[in-house]
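Participant: Provided below for reference: sequence and predicted model.
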Amino acid sequence: MRLTSDTSCSQCASRCDFYDAFLRAGKSFPDTEVIRVRFRKHERICRQGDSVSHAIYLTGGTAKLYIEGINGRNIILYLMRPPSYIGLLSFFESIHYTYSVTAIEDAQVCMIGLESLKQLYLEDHEVLLKLNRAFGKSVALIMNKIICLNQKNIRGRIAESLLSLAAFYGNNSFHLPVTRRELGEMSAISEENTVRLLTELKNENIIRLNGRAVDILDTAMLKKISELG
């Protein structure tokens with residue numbers, strides 16, 4: 001983790017909604033109150049159980065949001081990339097994070113105090129709507145994950161995870177952003193079963209694998225496996 005001040009908010013290409021809200025209110029944006037941080041790959045952005053003190057806005061890179069389980073058995077709820085708010089589920093209800101977020105590639109975030117966020121939320125209609133939409137999206141992703149893990153077998157779960165990655169990148173060909181173990185954590189299955197299932201799908205010509213490069217060759221069949229799983 002490294003603090004940085006190389007770009008002011010007015011020059012940033014990934015300005016958060018707070019900046020525009022201050023301008024709409026005729027106020028100057030409090031650059032001095034914004035903390036800009038760079039995280040290296042695998043560094044934790046926030047930790048489950050830690051106190052929530054700032055609103056965190058992902059401006060660069062990719063991260064995973066996950067629940068830390070017993071004996072290192074984690075469940076990845078979803079991946080995120082800019083523009084994304086980190087910690088929305090904890091802003092107003094809990095004083096502690098109920099999940100962790102870790103960079104899966106080099107990432108950059110901006111942090112602003114919670115009190116400033118709450119004030120904007122109450123005073124600016126556009127901020128309220130945008131945060132509510134982002135909050136709703138987070139809840140929908142988590143609900144879909146719960147349904148998947150509860151109702152599908154392991155073959156259906158791995159198919160669902162591959163389809164979600166294709167949707168995340170908007171392409172049926174993508175570079176797997178996570179390890180085999182982490183792909184298993186997206187599907188709540190062991191690393192060994194993840195490797196076995198990927199091999200099965202490859203041998204059935206449903207996907208093609210080359211290291212971390214993934215090509216979904218038969219989307220219809222993968223969807224059928226996901227639905228029937």
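Facilitator: Great, that's in hand.
Participant: Assumed residue 112 was part of a strand.
Facilitator: Yes: assigned with DSSP: H, G, I helix; E, B strand; the rest coil, residue 112 falls within a strand.
Participant: ok, so what distance separates the closest residue to it other than its chain neighbours from residue 69?
Facilitator: Distance criterion C-beta to C-beta, 6 or more residues apart in numbering; nearest residue to residue 112, sequence neighbours excluded, is residue 55 at 5.2 Å. For glycine as for every other residue, the C-beta is placed from the backbone atoms N, C-alpha and C. Separation of residue 55 from residue 69 (C-beta to C-beta, to the nearest Å): 26 Å.
Participant: Also residue 120?
Facilitator: From residue 120 to residue 69 the distance is 35 Å (C-beta to C-beta).
Participant: Compare those two (neighbour count), which wins?
Facilitator: Neighbour count, other C-beta atoms under 10 Å: between residue 120 and residue 69, residue 120 has more, with 21 against 12.
Participant: hmm, who's touching the helix or strand hosting that one?
Facilitator: Element membership for residue 120, per DSSP states H and E: helix 114-123. Contacting residues not belonging to helix 114-123 are listed as 18, 21-22, 25, 30, 33, 52-55, 91-92, 127-128, 131 [C-beta atoms under 8 Å, 6 or more residues apart in numbering].
Participant: which other residues reach the helix or strand that residue 79 is a member of?
Facilitator: Assigned by DSSP H and E, residue 79 belongs to strand 75-80. Residues external to strand 75-80 that are found in contact with it (C-beta under 8 Å, 6+ apart): 58, 62-67, 69, 86, 99, 101, 104, 138, 141-142, 145, 149, 164-165, 168, 177-178, 182, 185-186, 188.
Participant: hang on, the earlier thing: mark which of the contacts of helix 114-123 are part of strands, please.
Facilitator: Taking DSSP state E as the definition of strands, the contacts of helix 114-123 contribute 54-55.
Participant: Return the residues in contact with residue 130.
Facilitator: Taking C-beta under 8 Å, 6+ apart as the definition, contacts of residue 130 comprise residue 17.
Participant: before we move on, what about residue 215?
Facilitator: 172-173, 207-208.
Participant: Which secondary structure state is assigned to it?
Facilitator: Classification of residue 215 by three-state DSSP places it in strand.
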